[in-house]
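Peer 1: Any chance you could fold what I've pasted below:
(one chain, ligands or ions: 1)
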Amino acid sequence: MPIYKMGSDPAEQARWSDTIAIVHLLHVVGARPNFMKAAPVIRALSNRPDVRQTLIHTGQHYDPALSGIFFTQLNLPEPDVNLDVGSGSHAWQTAEVMRRFEPVLLERKPDMVLVYGDVNSTLAAALVCAKLRIHLAHVEAGLRSFDRTMPEEINRVVTDQLADVLFTPSEDADNNLQREGIPQERIFRVGNVMIDSLIRLLPVAMQCAKNGLPERYVLATLHRPSNVDDSASLRRMLTVLVEINDVLPVVFPAHPRTRQRIEQFGIDTGKLQFVEPLPYVEFLSLQRNATVVITDSGGIQEETTYLGIPCLTLRGNTERPVTVSTGTNVLIGQDPKLLNSELTRILEGKGKKGSIPPLWDGHAGERIAKVLFAALTD
Ligand code: UD1
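Peer 2: Model (predicted):
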């Protein structure tokens, strides 16, 4: 299926055209969870003289603690263009990425665009590509929580419908896509690309100083709108964490959204200690050494499963069911009783023992590069 044409940069092509066809791939990233997924793909493609890569940062996340430090630690190249979109409502942010991305795409004319995960930048870039008829690949396709109240679920469903090539992490993702009518020949199960970054940087994380951390502690994160945007939910979750903190110290790197809501709702968090959002390596180190992780993040459910650390997820569903069926993850919802009973089991050494799912082996980025190369040069 030779649907892809040669790269379009005349200078670049002239240099290689006698010997080789240059393919131009353009990656779009925007928010923290995109960066660790794009890095292994860019790395795997970077030593091919026949591939030219362009990196676009939408600017959805702009704080150095949520963006710049991740580029440094993951060894990502400087973005070729930063769209500097910033924060806003979902409609505003999505529309603004689209408005600013379209001229870049028209000017750069890549052979294919790669988008990652499920953030608003992913959806916005996918829509622009579809309207301009530019080939689109979605990395981390097929995940479904079946919960349309989550903005990420809408982003996943629409992006997958628009993508020409879908790279999935697991069998459940393949099944979801097939059920939604995506032709089998577009689906490539390559494994978990985020785990590539974890495996590469775990040795560095193991060198991190403990900085006075206790031997046993709970690592907590909370940032989903369903947990933090509702005053009663946030109050309930924080009350439980304050109680847990009396038994076992809770380390809580707080997302800007969570901090804003705590202030806005005037919630008393007692002796609970918040720290700033942490860089990738430092956070990995905290996960690796935690007794238990309590979270509502998607990526952390996967990272704890790989690390074999018990994870209690403050959501009623997950788009990553393999972390429950195979890994260390337990879904708690917003049920304080269940949280306490599961926590007790873990502290008594009776927590769930998981194993590492198939294809979480550090080579997903290479598999993606191989598929792309085969498709692009066919
Ligand atoms: C976004 C993603 C979510 C992901 C999360 C990781 C969507 C729909 N959501 O949620 O899937 O799990 O990133 O962090 O794309 N803010 C800052 N500094 C920044 C960026 C944001 O202070 O650099 C504040 C702003 O007040 C903003 C709020 O955080 O309004 C939320 O940011 P936004 O990007 O809209 O969504 P996240 O909650 O970060």
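Peer 1: Just give me the neighbour total for the residue in the stretch 151-300 of the chain that the ligand sits nearest to.
Peer 2: Across the stretch 151-300 of the chain, no residue is closer to the ligand than Pro256, which sits at 3.2 Å (C-beta to the nearest ligand atom). In short, each C-beta sits where N, CA and C put it, glycine included. Using other C-beta atoms under 10 Å, Pro256 is surrounded by 15 other residues.
Peer 1: Which residue ranges of the stretch 251-378 of the chain form strands?
Peer 2: Assigned by DSSP state E, counting those that start in this stretch, the strands in the stretch 251-378 of the chain fall at 273-275, 292-295, 311-313, 329-331.
Peer 1: Turn those into a markdown table, including mean pLDDT, distance to the ligand and mean neighbour count.
Peer 2: Converted to a markdown table, the strands of the stretch 251-378 of the chain look like this (pLDDT from 0 to 100; distance: least, C-beta to the nearest ligand atom, whole Å; neighbours: other C-beta atoms under 10 Å):
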| stretch | mean pLDDT | distance to the ligand | mean neighbour count |
| --- | --- | --- | --- |
| strand 273-275 | 90 | 14 | 12 |
| strand 292-295 | 98 | 11 | 24 |
| strand 311-313 | 98 | 13 | 26 |
| strand 329-331 | 98 | 16 | 22 |
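Peer 1: sorry, back to before: just checking, the residue of the stretch 151-300 of the chain closest to the ligand touches Ser67?
Peer 2: No - contact criterion C-beta atoms under 8 Å: Pro256 and Ser67 do not qualify, at 11.9 Å.
Peer 1: Can you give me the separation between Asp118 and Pro336?
Peer 2: 28 Å (C-beta to C-beta, to the nearest Å).
Peer 1: Give me the more crowded residue out of those two.
Peer 2: Asp118 (28 against 16).
Peer 1: Leaving out the residues flanking it, which one is nearest to the more buried one?
Peer 2: The spatial neighbour of Asp118 that comes closest, neighbours along the chain excluded (C-beta to C-beta, 6 or more residues apart in numbering), is Glu152 at 4.0 Å.
Peer 1: Please, which helix or strand holds that neighbour?
Peer 2: helix 151-162 (DSSP states H and E).
Peer 1: pLDDT of the helix or strand following that helix, averaged?
Peer 2: Following helix 151-162 in sequence order, the next helix or strand is strand 165-168 (DSSP H and E). For strand 165-168, the mean pLDDT works out to 98.
Peer 1: Just the CA trace of strand 165-168, in CSV.
Peer 2: Only the C-alpha atoms of strand 165-168 are listed here, as CSV (Å, rounded to 0.1, in the frame of the first residue of the first chain):
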residue,chain,number,x,y,z
VAL,A,165,-2.2,4.1,11.1
LEU,A,166,-3.0,3.0,14.7
PHE,A,167,-0.3,1.8,17.1
THR,A,168,-1.8,0.0,20.0
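Peer 1: Show me what it packs onto, helices and strands only.
Peer 2: Under the contact criterion of 3 or more C-beta pairs under 8 Å, 6 or more residues apart in numbering; DSSP states H and E, strand 165-168 touches strand 136-139, helix 171-179, strand 187-189, helix 364-377.
Peer 1: what do you get if the cut-off is 7 Å, keeping everything else the same?
Peer 2: Here strand 165-168 touches strand 136-139, helix 171-179, strand 187-189, going by 3 or more C-beta pairs under 7 Å, 6 or more residues apart in numbering; DSSP states H and E.
Peer 1: Parallel or antiparallel, list what pairs with it.
Peer 2: Strand 165-168 has the following sheet partners, assigned by DSSP bridges: strand 136-139 (parallel), strand 187-189 (parallel).
Peer 1: Comparing the ones you listed, which stretch has the densest surroundings?
Peer 2: strand 136-139 (a mean of 26; mean count of other C-beta atoms under 10 Å).
Peer 1: avg pLDDT for that strand?
Peer 2: pLDDT averaged over strand 136-139 gives 98.
Peer 1: how much distance is there from that strand to the middle of the chain?
Peer 2: 14 Å (C-alpha atoms, centre = their mean, to the nearest Å).
Peer 1: residues in contact with it?
Peer 2: 37, 41, 112-116, 126, 129-130, 159-160, 162-167, 193, 368 (C-beta atoms under 7 Å, 6 or more residues apart in numbering).
Peer 1: Now with 8 Å, please.
Peer 2: 37-38, 41, 112-117, 122, 126, 129-130, 159-160, 162-167, 193, 368, 372 (C-beta atoms under 8 Å, 6 or more residues apart in numbering).
Peer 1: Would you reformat the strands of the stretch 251-378 of the chain as a markdown table and include distance to Ser233?
Peer 2: A markdown table is the format used below for these (distance: least, C-beta to C-beta, whole Å):
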| stretch | distance to Ser233 |
| --- | --- |
| strand 273-275 | 18 |
| strand 292-295 | 15 |
| strand 311-313 | 15 |
| strand 329-331 | 16 |
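Peer 1: and Thr318, what is it in contact with?
Peer 2: Taking C-beta under 8 Å, 6+ apart, one finds 145, 298, 301, 324, 329, 331 in contact with Thr318.
Peer 1: Distance to the ligand for the helices and strands packed on strand 165-168 - can I get that in CSV?
Peer 2: Formatted as CSV, the helices and strands packed on strand 165-168 follow (distance: least, C-beta to the nearest ligand atom, whole Å):
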stretch, distance to the ligand
strand 136-139, 15
helix 171-179, 17
strand 187-189, 23
